[in-house]
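S.K.: turn this into a structure:
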Amino acid sequence: MMKKEESNRSPFEEVPSSIICDILSRLPIKACLNCKFVCKEWYHVVMNPVFMELRRSRNFYFTLLFYGKFCNSTTNFILLDLDNASSVDNMGNVCVSVDAMVRFKSEFNIPNWKLHLVNQCNGVICLKAREMWSPYVICNPLTCQFVTVKQSRKPFHSLQGYGLGCCPVSGQFKILRILMTKFKYVAEIQTLGTDEWRSIGDAHICKERLGAYMHDSLHWYSSKDHCIWSFHFGNEQFLCVPVPDDTKGNASADVVVFDSYLCFSCISKEGYQREIWLMKVYGMKDSWVKQFVMEKGEFGLLYVPLLRMGSGEILVSFRGRCNLLAYDLKSETYKKVKVDGVSSFDVVTCDIKLNEL
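M.R.: Here you go, the predicted structure:
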């Protein structure tokens, strides 16, 4: 005869956690969030950092994070999961399943309309107002948890570049900022929770936002040095990554992550196309491959690629902000993409982090 306590066992408890993790990792993020509430075991599976690493490694979904003022006043973030079945219709609407989009709102000490999205690192994002010495807001959008990192004015210094990263050994998040004095560039870093900026020596010329984050490093292009500079958040060292020979001296170039590779996006020598180069083996100069070119659009040639859709179209943005477009490689045409009825916002490709900062 079956014992009473055995008869009350949930069917879910008979399934090994490894199998549950494998199944749930194939779902869109909205479904994963709902699965947290099924039972304690599923909650612990979904909240385990290993779960998100497994989900990311499968490459079933590519996630876009939008930040802006949307039609729904209770929303300032939208997460959009795209898979091989996703497409953009003739009206510019993204065709996805009902579980592909998650809307949510985070409250900051700084008015939302003042902030711009700087970069993302391991599912955590960095926001900042335009004023030079305004604080950084470090936020996990899905948990609504955030911290504010203050800056004090430094006489005879100007803020040139900044970005968020993570130490691969300690797992601690850090903010890098690059300052310019009268004679040189210097770098400072703050580990979240310390409230202290540490000097790490001389730095290199940079833009306002420090480009692509991959291999535990931030990357940005310097036309003056004819190279991509990177900063590793583990050893806190700068490294020069070579650019393709045919593109040296290109003043209008961007560094992003595209198709999981370091991507160098620049204007062609003729000046009427945008070239997209991928570094197939990270750090090896000879591994640069020109993947495709993009024609001029409404805003000229200042578009950078975000991701490749299953339909073959390339989602591009105007340097990470202002708008989102789909570029058709065959017809060489663009169409504006609408998200929640709004076509202007900050956008980045994003990992997902369900546990706390």
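S.K.: please name the nearest non-neighbouring residue to Leu164.
M.R.: Distance criterion Cβ to Cβ, 6 or more residues apart in numbering; nearest residue to Leu164, sequence neighbours excluded, is Cys126 at 3.8 Å. For the C-beta atoms, the positions are set from N, CA and C on the backbone; glycine is no exception.
S.K.: are we agreed that Ile200 is in a strand?
M.R.: Yes. Ile200 forms part of a strand when assessed by DSSP: H, G, I helix; E, B strand; the rest coil.
S.K.: distance check, Val46 against Asp245.
M.R.: Using Cβ to Cβ, to the nearest Å, one gets 47 Å for the distance from Val46 to Asp245.
S.K.: same drill for the two, tell me which one is more crowded.
M.R.: More crowded of Val46 and Asp245, by other Cβ atoms under 10 Å: Val46, with 24 against 10.
S.K.: wait, the more buried one sits on Ile23?
M.R.: No. If you go by Cβ atoms under 8 Å, Val46 and Ile23 don't touch, sitting 11.4 Å apart.
S.K.: that older thread, need the residues that contact the helix or strand containing the residue nearest to Leu164.
M.R.: Element membership of Cys126 [criterion: DSSP states H and E] is strand 124-129. Applying Cβ atoms under 8 Å, 6 or more residues apart in numbering, the contact partners of strand 124-129 are 65, 67, 108, 110, 114-120, 134-141, 162-164, 166, 173, 175, 348, 350, 353, 357.
S.K.: of those residues, just the buried ones, PyMOL syntax please.
M.R.: The PyMOL selection below is limited to those of the contacts of strand 124-129 classed as buried (16 or more other Cβ atoms under 10 Å):
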select buried, resi 65+67+108+115+116+117+118+119+120+135+136+137+138+139+140+141+162+163+164+166+173+175+348+350+353+357
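S.K.: any regions of the stretch 1-150 of the chain where pLDDT drops low?
M.R.: Counting by pLDDT under 70, the stretch 1-150 of the chain contains low-confidence ranges at 1-13, 72-73, 112-113.
S.K.: ok, which stretches of it are strands?
M.R.: Under the criterion DSSP state E, counting those that start in this stretch, the stretch 1-150 of the chain contains strands at 62-67, 77-82, 87-88, 94-95, 101-104, 115-121, 124-129, 136-140, 145-149.
S.K.: Ser265: which of the ones you listed is closest?
M.R.: Each of these has some distance to Ser265 by Cβ to Cβ; the shortest is strand 115-121, at 15.9 Å.
S.K.: how much space between the residue nearest to Leu164 and Pro135?
M.R.: Relative to Pro135, Cys126 is positioned 11 Å away (Cβ to Cβ).
S.K.: what are the buried residues along stretch 271-283?
M.R.: Within stretch 271-283, the residues that count as buried by 16+ other Cβ under 10 Å are Gln273, Arg274, Glu275, Ile276, Trp277, Leu278, Met279.
S.K.: now stretch 65-80
M.R.: Buried residues in stretch 65-80, counting neighbours by 16+ other Cβ under 10 Å, are found at Leu65, Phe66, Tyr67, Gly68, Phe70, Thr75, Asn76, Phe77, Ile78, Leu79, Leu80.
S.K.: for the third one, list each beta-bridge partner.
M.R.: When bridges are assigned using DSSP bridges, the partners listed for Tyr67 are Phe77, Asp346.
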